[in-house]
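J.: no sequence for this one, just the structure:
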């Protein structure tokens, strides 16, 4: 067996094992770690197919940004909100497994019984080397043949950014924006540690306890110590003028 | 077994896609479902690049780059929705989130 | 063109470079303590060897001899592997940094770099972005609220500043037309055409704004003061590594310092011409010396910042990234692209 096939089987084995780990892991953080391993191995297969630029983009965007954000959200949400895996309906799991197995057989049969046909492109090894490498060749294609798609994708990204900001803003949008407010997720002030902190010189740290009782559930205790997580920056703070 | 061909990558891609699909079908944790969707997107990317590699065409890689960009936008919006849900509904269970249906 | 080296020779080069990096990291701690001491009118380490030169070795022995504590509530497997992630990713990044071209040593052609990737610059960024998992997972696995806050801060901070870091380099990529660090270094070894003035074509001269932004983002990316929010000891005990001790802690420590060195080497290669300097064309050893000198200058800058500036508040940190640095760096890209087009005669 040639070396590249052996390496491919190694990568594929790790990839599929960690993908299964994502699905069966009880702890969502473990699932996230498995997904990181899986994506890194997918990047490795990209390198095997000569797509170095895509591999690096995969690592930077997927493992470096998207999955970091997933872990970030995982740590922000209350662990009590997460449903347990084993309370899932057994019917659902059996049907899922069955459907998956059937689909895998079908796709496998399709792959084995057919060959790839179609017009061959001009991106042979010589042509790519002449363009200066994979990155340069890909850049040329992206900015000429796929220019329209490129612009549309940038528009999609812009819409995504705006959508994320709008969704992440608190509910009382009108009131909040009319008063100058620092719109960040407060990681600096765990609830309770500095409840009645006075406002800063420019009034920019409005960390005053709200008069109305907070609707949040009581902090859970672990090992006799109070564990406090802030899921909403506005739960413990009020904005603007101090009472 | 012999040469490294497009079939190897297509099989890997199919397996990853189906594992991700089974995760979406069986898990109820919103974040895990999100991760499984990302896994499926990656499996599709893998097959796109594999076809491009087989046919000496850079379109596969170009398309994969667009997929990654759209997936990034999807992740930003999706995670913002999940955060908003956890704030308001206090649950991550897809079976309990049905205020749109009821 | 890089010479074809036998595989064993490649391993020798990699071995030498990585060991130099580790020793450099050890003496970076000594350097930092000495410089900080001088700035604060203290002596710094003096007892161990002449001028405290054996201090890093003593520190290492002390760290290895300490008791290795694992919290009862910790996620043991993740707790064990998290420090390794940051250490390994930091040390692997150095593989694409060029320490010179191809030279002849004992009759054999030797490349003074481990590998020359077509996407070298992005490779360094990619491993930098994997490194943050060491912090996040370590913080999560410790089952400690201070650690968790530190990890959350690190995640948000690194994701934000990585965008700035990457975009700051786009101007350099546009001017050099390559992502390979070796090509970028070779581009800078020409002379800048400014009439009577003969200046080297270092990108710090043609991309000053990008350089400043890169330096700010690099400090934030390595979690150093004044951006050391993830381990802010006055508010979070020591942030993500609160529960770590002994050699597990030393991996975090090593990782942070190696990261600083790699980021400095990277900056020296991208903006200060790498090995370029008087006499570096004739003697390759002089080129390496120049590169190391530039790196030490960056490291001195890191220490200087640490002794001078107080820590940012968290909302200030995010505000700077998204409201100041991001618009500036986008402006830099637009202006650079426009000038490049004018230079090519494609506009006007």
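T.: Received the coordinates, thanks. As the structure is a computational prediction, the values presented were derived from the model and not from experiment.
J.: burial count for whichever residue of chain A sits closest to chain C?
T.: Nearest residue of chain A to chain C, counting by CB to the nearest CB: residue A:64, 2.7 Å away. (Glycine included, C-beta is placed from N, CA and C.) Around residue A:64 there are 28 other residues, counting by other CB atoms under 10 Å in any protein chain shown.
J.: same question, the one 4 residues further on
T.: Taking other CB under 10 Å as the criterion, the count of residues near residue A:68 is 24.
J.: Does it touch residue C:157 like I think?
T.: No. With contacts counted by CB atoms under 8 Å, residue A:68 stays clear of residue C:157, the gap being 10.6 Å.
J.: give me the low-pLDDT residue ranges for the chain?
T.: Just so you know, I chose chain A. Along chain A, the model assigns pLDDT under 70 to residues A:78-89, A:123, A:170-243.
J.: To clarify, I was referring to chain B.
T.: B:1-2, B:91, B:102.
J.: Spell out the secondary structure type for the residue of the stretch 151-300 of chain C at minimum distance from chain A.
T.: Proximity to chain A, evaluated over the stretch 151-300 of chain C using CB to the nearest CB, is greatest for residue C:155 at 4.5 Å. Three-state call for residue C:155 (DSSP: H, G, I helix; E, B strand; the rest coil): helix.
J.: roughly how far apart are it and residue A:18?
T.: Between residue C:155 and residue A:18 the computed distance is 21 Å (CB to CB, to the nearest Å).
J.: now residue C:238
T.: 32 Å.
J.: More neighbours: these two, which one.
T.: Remark: of residue C:238 and residue A:18, residue A:18 carries more neighbours, 23 against 18, as counted by other CB under 10 Å.
J.: Do I have it right that the more buried one meets residue A:34?
T.: Yes. Contact status for residue A:18 versus residue A:34: in contact at 4.3 Å, counting by CB under 8 Å.
J.: Go through stretch A:149-165 and flag the buried ones.
T.: Residues of stretch A:149-165 classed as buried by neighbour count (16 or more other CB atoms under 10 Å in any protein chain shown): A:150, A:153, A:156, A:160, A:163-164.
J.: what's that stretch in contact with?
T.: Identification of contacts with stretch A:149-165 by CB atoms under 8 Å, 6 or more residues apart in numbering or on different chains yields A:142-143, B:62, B:66, B:69-70, B:72-74, B:76-77, B:79-80.
J.: Check for me that residue C:143 belongs to a helix.
T.: No. Secondary structure of residue C:143 (three-state DSSP): coil, not part of a helix.
J.: What residues does it make contact with?
T.: By CB under 8 Å, 6+ apart, residue C:143 lies in contact with C:71, C:73-75, C:243.
J.: 7 Å instead, please
T.: Applying CB atoms under 7 Å, 6 or more residues apart in numbering or on different chains, one finds that residue C:143 lies in contact with C:71, C:73-74.
J.: Tell me the most packed of those residues, by neighbour count.
T.: For the contacts of residue C:143, neighbours tallied by other CB under 10 Å; top is residue C:74, 19 neighbours.
J.: Surely that residue is within a strand?
T.: No. Secondary structure of residue C:74 (three-state DSSP): coil, not part of a strand.
J.: and residue C:48, what does it touch?
T.: C:54-55, C:58.
J.: switch the cut-off to 8 Å
T.: Residue C:48 neighbours (CB under 8 Å, 6+ apart): C:54-55, C:57-58.
J.: What of residue B:47?
T.: B:9-10, B:13-14.
J.: what would those residues look like in CSV with neighbour count, distance to residue A:45 and secondary structure?
T.: Listed next are these as CSV, based on neighbours: other CB atoms under 10 Å in any protein chain shown; distance: CB to CB, whole Å; DSSP: H, G, I helix; E, B strand; the rest coil:
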residue, neighbour count, distance to residue A:45, secondary structure
B:9, 24, 6, helix
B:10, 21, 11, helix
B:13, 24, 9, helix
B:14, 20, 13, helix
